[in-house]
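Peer 1: Got a sequence here, can you model it:
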Amino acid sequence: MSRRRFGFPALLLFAAACASPGAAGSKTHPLEQELSQFQACQQVFREQNTAPYTFDFPGHGRVTVREVTLDGFPGNTYVRCRFHYQNRTAKPVARAWVYLDVLDGQGRMVGSQASILFMPIPTEIARGSYFADELRAQTYDAHLQPGWSWRIRCKAIFEEEDEPLDPPAPEPGRITIDPAPVILKPAPWRVN
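Peer 2: So this is what the prediction gives:
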């Protein structure tokens, strides 16, 4: 009887020891190490990149980065940038391109994404108007290199002036409209 009483608690202690996570060893999964490294990169990125940032592009407009983050997961990491564009040029803009580039430690572009800003109706982006969007550019593991960075570029396209006709078209004078010709046909049911 005493043997039974002693055996059952020992069995419970053995089962509890096997079930505890620390008992199997302190080995961690390789993906856990990569995730920890990625989260450390995210923390450094957050500390070094506090938005908002304002970038003026003379003759093209202004881009204000409202938020920039390092997102994704190990093996699929990207810089996400929420921004707004303001037309600060002298005339309306037909469309504007805003680019988000990721640069490696040597300054070479490794990833880029562009946003084409245009009004959905046939009108231009008026002077002083804002346009908001979001960009995501892959890092292709450049974020693991020391000295990597990101940048914003902007290019505005203006509506082209109509070129003059050569030779110039004559000035319109009085326009006369001739009446349409009238064709009379006898009705088929009429008898002559």
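Peer 1: Would you indicate which residues of stretch 105-115 are buried?
Peer 2: 110-113, 115 (16 or more other Cβ atoms under 10 Å). Where you see a C-beta, it was placed from the backbone N, CA and C, and this is true even at glycine.
Peer 1: And stretch 141-156, by the same measure?
Peer 2: Buried-residue list, stretch 141-156, by 16+ other Cβ under 10 Å: 142-143, 148, 150, 152, 154, 156.
Peer 1: Closest one of the buried residues of stretch 105-115 to Asp104?
Peer 2: Val110 (5.1 Å; Cβ to Cβ).
Peer 1: circling back: any chance of TSV for the buried residues of stretch 141-156, columns secondary structure, pLDDT and distance to Arg88?
Peer 2: Below are the buried residues of stretch 141-156 laid out as TSV (DSSP: H, G, I helix; E, B strand; the rest coil; pLDDT from 0 to 100; distance: Cβ to Cβ, whole Å):
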residue	secondary structure	pLDDT	distance to Arg88
Ala142	helix	93	31
His143	helix	91	32
Trp148	coil	93	30
Trp150	strand	95	23
Ile152	strand	96	15
Cys154	strand	96	11
Ala156	strand	94	10
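Peer 1: Between which two of those is the distance greatest?
Peer 2: Within those, His143 and Ala156 form the most distant pair, 30.1 Å apart (Cβ to Cβ).
Peer 1: Redo the buried residues of stretch 141-156 as a markdown table? Include distance to Arg95.
Peer 2: Conversion of the buried residues of stretch 141-156 to a markdown table gives the following (distance: Cβ to Cβ, whole Å):
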| residue | distance to Arg95 |
| --- | --- |
| Ala142 | 29 |
| His143 | 31 |
| Trp148 | 30 |
| Trp150 | 23 |
| Ile152 | 17 |
| Cys154 | 12 |
| Ala156 | 8 |
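Peer 1: what's the closest of those to Thr69?
Peer 2: Closest to Thr69, out of all of these and judged by Cβ to Cβ, is Trp150, at 10.8 Å.
Peer 1: looking at it, that closest one is touching Val68, isn't it?
Peer 2: Yes - at 7.1 Å, Trp150 and Val68 qualify as touching, with contact defined as Cβ atoms under 8 Å.
Peer 1: Which phi and psi values does the closest residue in space to Leu31 that isn't next to it in sequence adopt?
Peer 2: The shortest distance from Leu31 to any residue other than its chain neighbours is 7.1 Å, reached at Pro74 (Cβ to Cβ, 6 or more residues apart in numbering). Pro74 adopts backbone torsions of phi -60, psi 130, taken as degrees, to the nearest 10.
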